[in-house]
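>>> Just a sequence and a predicted model for now, questions to come.
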Amino acid sequence: AEQWAQLLRTQRLILVKYQSPNLDGPLSSLLAFLWKCGRLATSAQSSIESVPPIVAEGKSVLLLVHNPPENIAGFVWFKGMSELKNLVVARYILDRKSTVWGPAYGGRETLYRDGSLLLHGVTPQDHGLYTLRILRTDRRSEEAQVQLQVDTSPSLFCNPLNFSQLMIQPEPRYAAEGEDVLFQVHNLPEDMQALSWHKSKYRTEVLKIVEYSTVMNSISWGTAHRRRGMVYNNGSLMLKDVTEKDAGMYTLSVFKKDGKIEKAYVEFYVKKYVSQPSVEISDTTVAGRRSVIFSCISPDTDVSIRWIFNNKILKLTERMTLSPTKCGLRIDPVGGEDAGEYKCEVSNRFSVKTSLPVSWPR
C-alpha cells in the first residue's frame with residue numbers, strides 16, 4: 001500500500017470524489033478562464049505507462065497517464081481498441097465531478113482525476129490493451145493506449161513468464177539517447193509462420209520496422225530501421241542508437257498456422273532532462289475584486305509541477321485554484337497575505353529545475 005501512496009504522491013494525483021452519475025446531454029460548460037500554460041495543442045499527445053510493466057496475478061497495477069492536456073473536460077476508459085458498450089470501464093466528467101461505471105467495471109478499479117486508473121487484484125482476464133479517450137473543452141478528443149501484461153505463473157522467482165500469453169519486455173524501459181533497446185518477446189507461439197513489427201500511433205500501425213517469415217526464411221526491413229535494427233528467431237527486436245523520436249508504442253503481430261493473428265504491444269521511453277521554467281504573472285480586477293494568475297512556463301511535457309512561496313512549499317487555501325497539471329495557480333481574491341516571492345519547480349523521474357523567483361505585487 002505504501003508503494004502506491006508514494007507513487008501517487010510523486011505524480012501529484014488527486015483522487016476523484018464520486019457523486020451520482022449524470023452524463024445526459026452535451027458538455028454544458030467550459031473553463032471559467034483559460035490557463036496560459038500547459039499543453040493545449042494537439043501536437044504532443046498523452047501516453048500511458050503500466051506500473052509495473054508486468055504485474056503478477058492478484059497484485060495491483062497503475063495505468064499512469066503522462067502529459068495530459070490542460071483543457072480536460074472528461075475521459076472514458078475502455079478495454080481494447082473500440083469503444084463498444086460492453087467494454088467501457090468508466091466515464092468521468094470533470095466539470096460535474098460525476099462518474100459512471102461501465103459494463104467492464106469489476107469493482108476493483110480506482111479512478112483518478114488526471115485519468116489514471118488503478119486496478120487491484122488483477123486476473124488473467126485483465127490482460128490486454130486498454131484505451132483512454134480524453135475529452136477536451138474544445139470539443140475534440142484524443143486517445144492513448146497501454147498494454148496490461150499479467151503474469152500468472154505460481155512464483156515470480158521461478159520461471160516468471162512461463163505461460164502461454166504472448167508478452168514483451170523492453171530492456172531498458174527508460175533509455176538514454178544513443179543506447180540500444182531490446183524488445184524481449186516471451187511465449188512466441190510454436191506454430192508461428194511469420195511476424196511483423198510496427199511502430200504504432202493512435203491505434204494504427206504507421207511505420208513498418210521489419211517482417212520476418214519462417215516459411216520463406218526471409219526478412220524485410222523498413223527503410224528507417226534497416227541499418228540499426230536486429231530481429232531474433234524468438235521474435236525479439238533490438239533497436240540501436242535510439243533517439244527521442246523512437247519512443248512510443250510498438251506492435252508485434254504474429255501470424256500462426258491456423259490463420260489467426262496474435263498481437264502484443266510494448267512501449268518504451270527516452271530519458272529527457274527538464275529545462276529551467278519561468279513564472280509569468282497576470283493580474284485582473286473585476287468590480288473591485290482583484291485576482292492573480294501565476295503561470296509556470298516550461299518547454300517540457302510529462303512533468304510534475306509544484307509551487308513555492310517565500311522559499312516554502314505553497315499551502316493551498318480556499319482562495320487558490322490549480323490548473324489540471326498544476327502549471328497554473330489562481331488566487332481569487334488576492335490580498336496582502338499573498339504578497340511575497342513565488343517560484344515553480346518542474347521535475348520528472350530524471351531531473352528537477354526551479355524557476356527564478358517573481359514577486360507579487362510587482
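Noted; the coordinates are in hand. Residues are numbered from 1 along each chain as shown.

>>> Kindly confirm whether my reading is correct that residue 240 touches residue 246.
No: here residue 240 does not reach residue 246: they are 10.0 Å apart, not a contact under Cβ atoms under 8 Å. Where C-beta positions appear, they are placed from N, C-alpha and C, glycine not excepted.

>>> Report the contact partners of the residue found closest to residue 88 once you drop the neighbours it is linked to in the chain.
Closest residue to residue 88 apart from its sequence neighbours, by Cβ to Cβ, 6 or more residues apart in numbering: residue 102 at 3.0 Å. For residue 102, the contact set (Cβ atoms under 8 Å, 6 or more residues apart in numbering) comprises 78, 85, 86, 87, 88, 89, 90, 91.

>>> Go ahead and confirm the first one touches residue 88.
Yes: in this structure residue 78 lies within contact range of residue 88 using Cβ under 8 Å: 4.7 Å.

>>> Can you work out which residues contact both of these two?
Joint contacts of residue 78 and residue 88 (Cβ under 8 Å, 6+ apart) are 102, 104.

>>> Quick check on those two: which one has the bigger neighbour count.
residue 78 (24 against 19; other Cβ atoms under 10 Å).

>>> Which strands or helices does the helix or strand harbouring the more buried one pack on?
Element membership of residue 78, judged by DSSP states H and E, is strand 72-79. Contact here means 3 or more Cβ pairs under 8 Å, 6 or more residues apart in numbering; DSSP states H and E; on that basis strand 72-79 packs against strand 88-93, strand 128-136.

>>> what's that strand in contact with?
27, 30, 83-84, 87-95, 102, 104, 111, 114-115, 117, 128-137, 324.

>>> what's next to stretch 260-268, contact-wise?
By Cβ under 8 Å, 6+ apart, the residues outside stretch 260-268 that reach it are 47, 49, 129, 145-147, 166-170, 172-175, 181, 183, 185, 189, 200, 246-256.

>>> Equivalent analysis for stretch 346-355, please.
174, 271-279, 296, 298, 300, 302-305, 308, 343-345.

>>> before we move on, the earlier item: who has more neighbours out of residue 240 and residue 246?
More crowded of residue 240 and residue 246, by other Cβ under 10 Å: residue 246, with 19 against 13.

>>> quick one, phi psi at that one?
Dihedral pair for residue 246: phi -80, psi -20, per degrees, to the nearest 10.

>>> Can you tell me the element residue 329 falls in?
strand 328-331.

>>> Can you pull the domain assignment for the chain?
The chain breaks down by automatic domain parsing into domains covering 2-151, 167-270, 278-360.

>>> Lowest average pLDDT across the ones you listed?
The minimum mean pLDDT among the domains of the chain belongs to domain 2-151 (a mean of 74).

>>> Can you tell me which of the contacts of stretch 346-355 are buried?
The neighbour count (16 or more other Cβ atoms under 10 Å) marks 271-272, 274, 277, 279, 296, 298, 300, 302-305, 308, 343-345 as buried among the contacts of stretch 346-355.

>>> Looking at those residues, which is nearest residue 64?
For those, the residue nearest residue 64 by Cβ to Cβ is residue 302; the value is 10.4 Å.

>>> contacting residues around the closest one?
Contacts for residue 302 (Cβ under 8 Å, 6+ apart) come out as 47, 66, 67, 348.

>>> roughly how far apart are the first one and residue 272?
Note on residue 47: its distance to residue 272, by Cβ to Cβ, to the nearest Å, is 13 Å.

>>> between the two, what contacts are shared?
Contact with both residue 47 and residue 272 is made by no residue, according to Cβ under 8 Å, 6+ apart.

>>> quick one on the thing from earlier: Throw together a PyMOL command that grabs the buried residues out of the contacts of stretch 260-268.
In PyMOL syntax, the buried subset of the contacts of stretch 260-268 is picked out as below (16+ other Cβ under 10 Å):
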select buried, resi 47+49+129+145+146+147+166+167+168+169+170+175+181+183+185+189+200+246+247+248+249+250+251+252+254+255
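
>>> Please list the members of the contacts of stretch 260-268 that lie in helices.
Here DSSP state H is the test, and the contacts of stretch 260-268 give no hits in helices at all.

>>> Just the CA atoms of stretch 307-325, as CSV, please.
Included here for stretch 307-325 are C-alpha records, laid out as CSV according to Å, rounded to 0.1, in the frame of the first residue of the first chain:
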residue,chain,number,x,y,z
TRP,A,307,4.6,25.9,-6.3
ILE,A,308,7.0,27.5,-3.8
PHE,A,309,6.0,30.6,-1.8
ASN,A,310,8.7,32.5,0.2
ASN,A,311,11.0,29.5,-0.1
LYS,A,312,8.5,27.1,1.3
ILE,A,313,6.1,24.6,-0.4
LEU,A,314,2.9,26.6,-1.0
LYS,A,315,0.0,25.5,1.1
LEU,A,316,-3.3,25.9,-0.8
THR,A,317,-6.2,27.8,0.7
GLU,A,318,-9.8,28.0,-0.4
ARG,A,319,-9.0,31.1,-2.5
MET,A,320,-6.5,29.2,-4.6
THR,A,321,-7.1,27.1,-7.7
LEU,A,322,-4.6,24.9,-9.6
SER,A,323,-4.9,24.0,-13.2
PRO,A,324,-5.2,20.3,-14.0
THR,A,325,-1.4,19.8,-14.4
